[in-house]
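Asker: Provide a 3D model corresponding to the input given below.
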Amino acid sequence: VVEVGPRATLDLSRGQLQNLPSISDIFIYSSSFVIETLPDDFLLGSTGLQTLALQGLGLISFPLSANSTFPNLRVLILSSNRLSNLPVRAFASSPALTRLQLESNSFVSFDGSAFEGLSRLQFLSMSQQTLVNGSLPETLFRDLTSLETLSIGQMQLATLPPGLFA
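Answerer: Now for the predicted structure:
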């Protein structure tokens, strides 16, 4: 377990969190320092990772690189950052995700395929967003066949597409 709290100093520019195949949990959270972006090689080779919490850091770009694979990642917490969009198939490198927390970010919209491939996801929190068009894409939850809990409170949704939960 690696835990970095609000008073710690963390330099991610030198690949300090790379090639750690036996590390299972990483928690980096703050209310006093800001990490807007992470290096492309962040966590490269950390295939044993099961929990990754990057909370309250001020991230503005999606932290999982297309070059990295996290086959054992079960819990991803990206809450209280400044993320405004997710890449297409954003979580393709993490098919084992069962819990995803995206609340309190700055998402203005979601791509319809953002959660594609997350058939094991059981818990999804997307609350506290300000969506530009006040709606979610009809295909957004299509692959979430194991979803048990969905939190979409305080999203300022005007409408829900008819097939959103089909």
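Asker: which secondary element of the protein has the worst mean pLDDT?
Answerer: strand 2-4 (a mean of 52; mean pLDDT, DSSP states H and E).
Asker: shouldn't Leu100 be in contact with Phe91?
Answerer: Yes: contact criterion C-beta atoms under 8 Å: Leu100 and Phe91 qualify, at 7.3 Å. C-beta here means a position set from N, CA and C on the backbone, and glycine is covered the same way.
Asker: Overlap in contacts, these two.
Answerer: Residues touching both Leu100 and Phe91 (C-beta atoms under 8 Å, 6 or more residues apart in numbering) are 76, 118.
Asker: If you tally nearby residues, what's the number for the residue nearest to Ala92 when sequence neighbours are not counted?
Answerer: In space, Ala92 comes closest to Gly117 once its chain neighbours are excluded; the distance is 5.3 Å by C-beta to C-beta, 6 or more residues apart in numbering. By the measure other C-beta atoms under 10 Å, the count of residues near Gly117 is 17.
Asker: Verify the stated contact: Gly117 with Arg89.
Answerer: Yes: counting by C-beta under 8 Å, Arg89 is a contact partner of Gly117 at 6.5 Å.
Asker: The spatially most central residue of the chain and Gly56, how far apart?
Answerer: The structure's the chain has its C-alpha centroid closest to Leu78; by C-alpha atoms, centre = their mean the separation is 4.7 Å. Distance of Leu78 to Gly56, given as C-beta to C-beta, to the nearest Å: 10 Å.
Asker: Compute the first-to-last residue distance for stretch 92-101.
Answerer: Start-to-end span of stretch 92-101 (C-alpha to C-alpha, to the nearest Å) is 16 Å.
Asker: Fine by me, thanks again.
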